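[1] Predicted model follows, preceded by the sequence.
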Amino acid sequence: MTDDPSPWIWDLPDGGRSNDADALQVRWKAVREAGGWQAEVLGCIGDDPLTLLQRPAADPAAPRLLIAAGFHGEEPAGPWGLLRFIGGADPALLDRVHLTLLPLVNPSGFRAGRRFNDWGENPNRGFGLHAGGIAPSREGRVLMAQAARLGQAGRDGVLSCHEDIKQATFGYLYSLERAPAPGAFSRTLLAANARHFPIHPDGEVDGCPVRGGIVFNRHDGSFEAWTMELGVARAACVETPGQADIGQRVAAQADMAEAFVRFAIAAAG
Ligand code: NI
């Protein structure tokens, strides 16, 4: 590690810096205390807790959704966007789903504005059958120890909030569905992204084929792909352009999280 300042730390539109993990935590605490949330520390990553938040629905049959943010520390719009959605959401909307959140998976990377954790591990690789020989990170080991529970929590959908720092312009997503082609789930998330950013042209992104803004059914040892092995119905990793305006990126992430929740409610009828 070096002490060079990260180029991936931003001034947030409503004040503060994008890597301020303490400020993020203070704001989550206020959200939690405002209503209905249970917090649990799943494990510690160095000195940082890896926290899980849950908010049950009154109806046991309501959709069960899992949203995770902050796997990569230089992608801050995910954690801030998730906070923005949850903090501003109508409680009546949240009441309609069993919601589980991992608000910040990689705190040491987030604080440094750096992709990997303090130990040089990629927290979004090394999961499941397609780990490809990559050992799980500290964060991954904590999450894997909760496999059965996370699979249940995300039964009706998993959303992981990422950014692509190589992109100045385009948004896109990785999605996994139990179907040969992207369906309404993928299209709904893409449409929410497209309200903020032009969609990535067909071709390649990060070595993966992208068509219509979607990298589809790619099993790459990521957290989201692993949740499909746990039996969830569908999963996505959404990507905002990490070089674009931070305010727009946060707004897009918040919109996509809301679209994810609304899709599950609509699908449940
Ligand atoms: Ni990422």
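    It's in. On a predicted model such as this, the values are computed, not experimentally measured, just so you know. Numbers count the residues shown, from 1 in each chain.
[2] can we go C-alpha only for contacts and neighbour counts from here?
    OK.
[3] okay, now the residue of the stretch 101-250 of the chain found nearest the ion: neighbour count?
    Relative to the ion, the nearest point of the stretch 101-250 of the chain is His162 (4.4 Å; C-alpha to the ion). His162 has 28 neighbours, counted by other C-alpha atoms under 10 Å.
[4] I'd like to know which elements the lengthiest helix in the chain is packed against.
    Longest helix in the chain by number of residues (criterion: DSSP state H): helix 246-268. Packing partners of helix 246-268 (3 or more C-alpha pairs under 8 Å, 6 or more residues apart in numbering; DSSP states H and E): helix 77-88, strand 158-164, helix 184-194, strand 234-241.
[5] So which bits of the stretch 151-269 of the chain are right by the ion?
    Within the stretch 151-269 of the chain, the positions adjacent to the ion are His162 by C-alpha under 5 Å from the ion.
[6] and Thr51, that's in a strand?
    Yes - per DSSP: H, G, I helix; E, B strand; the rest coil, Thr51 lies within a strand segment.
[7] so the nearest residue to it once chain neighbours are set aside is in which element?
    Distance criterion C-alpha to C-alpha, 6 or more residues apart in numbering; nearest residue to Thr51, sequence neighbours excluded, is Val41 at 4.4 Å. Here Val41 sits within strand 38-45, counting by DSSP states H and E.
[8] Let me see the mean pLDDT of that strand.
    Model confidence over strand 38-45, given as mean pLDDT, is 97.
[9] what does it contact?
    With contacts defined as C-alpha atoms under 8 Å, 6 or more residues apart in numbering, strand 38-45 is touched by 32, 49-55, 106-107, 138-139, 142-143.
[10] let's see 6 Å
    49-54, 142 (C-alpha atoms under 6 Å, 6 or more residues apart in numbering).
[11] Neighbour-wise, which one of those leads?
    Most surrounded of these: other C-alpha under 10 Å gives Leu50, at 21 neighbours.
[12] Report the beta-bridge partner residues of it.
    For Leu50, the beta-bridge partners are Gly43 (DSSP bridges).
[13] need the contact list for it.
    Residues in contact with Leu50 (C-alpha under 6 Å, 6+ apart) are 41-44.
[14] now the contacts of strand 38-45 in CSV, with pLDDT and distance to Glu229?
    As requested, those are arranged in CSV below (pLDDT from 0 to 100; distance: C-alpha to C-alpha, whole Å):
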residue, pLDDT, distance to Glu229
Pro49, 97, 26
Leu50, 98, 22
Thr51, 98, 23
Leu52, 98, 20
Leu53, 98, 22
Gln54, 98, 22
Val142, 98, 17
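[15] coming back round to it: for the strand holding Val41, list the C-alpha coordinates in CSV.
    This file holds the C-alpha atoms of strand 38-45, laid out as CSV (Å, rounded to 0.1, in the frame of the first residue of the first chain):
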residue,chain,number,x,y,z
GLN,A,38,-32.5,-5.0,12.7
ALA,A,39,-28.7,-4.8,12.5
GLU,A,40,-26.3,-7.7,12.9
VAL,A,41,-22.6,-7.9,12.6
LEU,A,42,-21.8,-10.9,10.5
GLY,A,43,-18.0,-10.7,11.2
CYS,A,44,-15.1,-8.4,11.3
ILE,A,45,-12.8,-7.4,8.4
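[16] For Ile134, which residues are in contact?
    Gly126.
[17] Please tell me how far Ser175 sits from Arg96.
    Look at Ser175 and Arg96: by C-alpha to C-alpha, to the nearest Å, they are 24 Å apart.
[18] er, Gly73 I mean
    For Gly73, the distance to Arg96 - C-alpha to C-alpha - is 31 Å.
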